[in-house]
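A.B. asks: Following is a predicted model, sequence given first.
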Amino acid sequence: MAAQREWFDKDYYEVLGVPENASDKELSRAYKKLAKQFHPDANAGNKDAEERFKEISAAYDVLGDSEKRKEYDEVRRMVAAGVGPGGAGGFGPGGFGQTFHFESGGDDGFLSDLLGGMFSGGGRRARGRSGPSGPQRGHDLETELYLSFDDAVHGVTSTVRFRSDAMCHTCHGSGAAPGTSPETCPQCHGTGTIAVDQGPFSFSQVCPTCGGRGQVVPDPCPTCHGVGVEVRDREVKVRIPAGVADGQRIRVKGRGGAGHRGGPAGDLYVIVHVAPHAVFGRNGNDLTLRLPVTFAEATLGSNVKVPTLDGQVTVRIPSGTPSGKVLRVRGKGIMPNGKGAGDLLVTVDVQVPTALTDEQREAVEQLTRVLDEHPRSSLFAGANASNVGTDEGESDGR
């Protein structure tokens with residue numbers, strides 16, 4: 001368990017303004033809102049905002065990582081039970097009641113080493129690992145990309161532009177001025193941790209000289225001042241696969257926020273927004289299309305050409321096709337990543353003429369007499385004659 005001393009004092013849930021049972025999504029939403037509000041770029045020269053931003057980032061660095069959050073919650077439970085550095089409920093080799101006091105500074109691994117030594121009956125030496133004050137993975141980032149319908153269907157390589165922390169362009173992340181290099185830490189000899197003896201126990205803590213990195217920078221980089229990270233505008237190329245849907249998140253590994261103290265970069269998540277098409281709709285991998293046909297085409301049947309994403313096809317309209325009938329053209333939908341194309345779903349829309357010439361009206365009336373159809377007769381076929389009213393009314397056409 002890579003606990004830090006401040007875990008005993010800091011309520012990270014309160015820092016982010018979320019309950020202790022908050023979901024990962026709620027934590028992410030709270031962090032983004034607060035980070036945007038207190039980001040140094042938006043609060044130039046405001047030291048309070050800068051400190052608040054650091055506090056928010058530290059809180060999300062722990063709660064945003066499932067393993068760290070689990071360890072943090074365990075530490076907080078121990079705090080509630082009165083167990084911790086300098087607390088009245090500390091444990092000792094002679095039983096309960098002895099109080100332990102810990103040195104200030106980074107305490108990577110102090111809790112696991114203390115408890116491990118207590119229950120195994122002996123001390124544990126430093127294991128040479130680095131914790132939260134050592135190399136840290138960069139934050140995952142999100143940005144948005146707007147695509148045309150055709151680019152989303154066929155796939156495209158595009159570029160997203162955003163501003164974030166990134167590896168320093170001057171020192172390339174080393175933190176050292178050009179022409180110099182970091183040196184092995186003289187106190188921890190490159191391990192990032194030192195062993196501290198506490199009576200019968202021995203535990204490790206982050207090296208106070210190098211902060212857990214294992215290296216020191218005698219001549220810091222003039223751009224990043226030895227951090228190895230700078231905030232700047234970035235451009236990242238993103239390969240969007242064929243068939244991407246609106247709202248889908250594309251992960252670009254290792255292109256997120258820069259790692260700190262030699263840690264790896266986070267990931268970049270690109271949220272895709274797809275513009276609607278002028279003709280086609282979309283339902284999963286199926287394309288949808290409304291096809292207007294004449295009364296004669298629907299009644300007598302006909303062959304009608306319809307557009308697809310790669311040309312035209314002929315669709316057979318069976319005789320007597322009603323308006324709203326869906327015809328399926330297989331394999332003419334969207335093919336995600338070249339696998340399993342969807343279908344084209346054609347909805348027939350029978351057009352009813354609204355303005356007739358005298359000749360046309362006479363033809364329709366003649367057709368009505370010839371057909372002699374009563375489409376509404378089925379509505380009354382099973383009705384009880386005694387329950388059928390004779391009132392007449394008028395419709396306003398709505």
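C.D. replies: Received the coordinates, thanks. Note that the structure is predicted; figures quoted are calculated from it, not measured.

A.B. asks: now for stretch 16-32, what's the gap between its first and last residues?
C.D. replies: Stretch 16-32 has an end-to-end distance of 10 Å (CA to CA, to the nearest Å).

A.B. asks: Next, the buried residues of that stretch.
C.D. replies: For stretch 16-32, burial by neighbour count (16 or more other CB atoms under 10 Å) applies to Leu16, Val18, Ala22, Leu27, Ser28, Ala30, Tyr31. C-betas here are computed from N, CA, C, even on glycine.

A.B. asks: between those, which is nearest Ala242?
C.D. replies: Using CB to CB, Ser28 comes nearest to Ala242 of the buried residues of stretch 16-32, at 28.6 Å.

A.B. asks: any idea how far that closest one lies from His39?
C.D. replies: For Ser28, the distance to His39 (CB to CB, to the nearest Å) stands at 16 Å.

A.B. asks: same thing with His169?
C.D. replies: The gap separating His169 from His39 is 21 Å, by CB to CB.

A.B. asks: Looking at the two, which one has more neighbours?
C.D. replies: His39 (17 against 12; other CB atoms under 10 Å).

A.B. asks: got the contact list for the residue nearest to that one when sequence neighbours are not counted?
C.D. replies: Among residues not flanking His39 along the chain, Phe53 sits closest, at 6.0 Å (CB to CB, 6 or more residues apart in numbering). Contact analysis of Phe53 by CB atoms under 8 Å, 6 or more residues apart in numbering lists Ala35, Phe38, His39, Pro40, Asn43.

A.B. asks: quick one on the thing from earlier: just the buried residues of stretch 16-32 now: which is nearest Leu289?
C.D. replies: Taking CB to CB as the measure, Leu289 sits nearest to Ser28 out of the buried residues of stretch 16-32, at 38.4 Å.

A.B. asks: what's around the nearest residue to Thr321 once chain neighbours are set aside, how many residues?
C.D. replies: Nearest residue to Thr321 in three dimensions, chain neighbours excluded: Ala298, at 4.8 Å (CB to CB, 6+ apart). By other CB under 10 Å, the residues close to Ala298 number 21.

A.B. asks: I'd guessed Ala298 sits against Val352; true?
C.D. replies: No. Between Ala298 and Val352 there is no contact, the gap being 10.4 Å when judged by CB atoms under 8 Å.

A.B. asks: Please spell out which residues along the helix or strand Val270 falls within are buried.
C.D. replies: Taking DSSP states H and E as the criterion, Val270 maps to strand 268-274. Within strand 268-274, the residues that count as buried by 16+ other CB under 10 Å are Leu268, Tyr269, Val270, Val272, Val274.

A.B. asks: farthest-separated two in those?
C.D. replies: For the buried residues of strand 268-274, the maximum inter-member distance is 19.1 Å, found between Leu268 and Val274 (CB to CB).

A.B. asks: before we move on, the earlier item: which of the contacts of Phe53 has the most neighbours?
C.D. replies: Most neighbours among these, by other CB under 10 Å: Phe38, with 20 neighbours.

A.B. asks: re the thing from before, relative to Lys253, which of the contacts of Phe53 is nearest.
C.D. replies: Using CB to CB, the contacts of Phe53 come closest to Lys253 at Ala35, 21.9 Å.

A.B. asks: That closest one: what's it in contact with?
C.D. replies: Contacts of Ala35 (CB under 8 Å, 6+ apart): Phe53, Ile56, Ser57, Tyr60.
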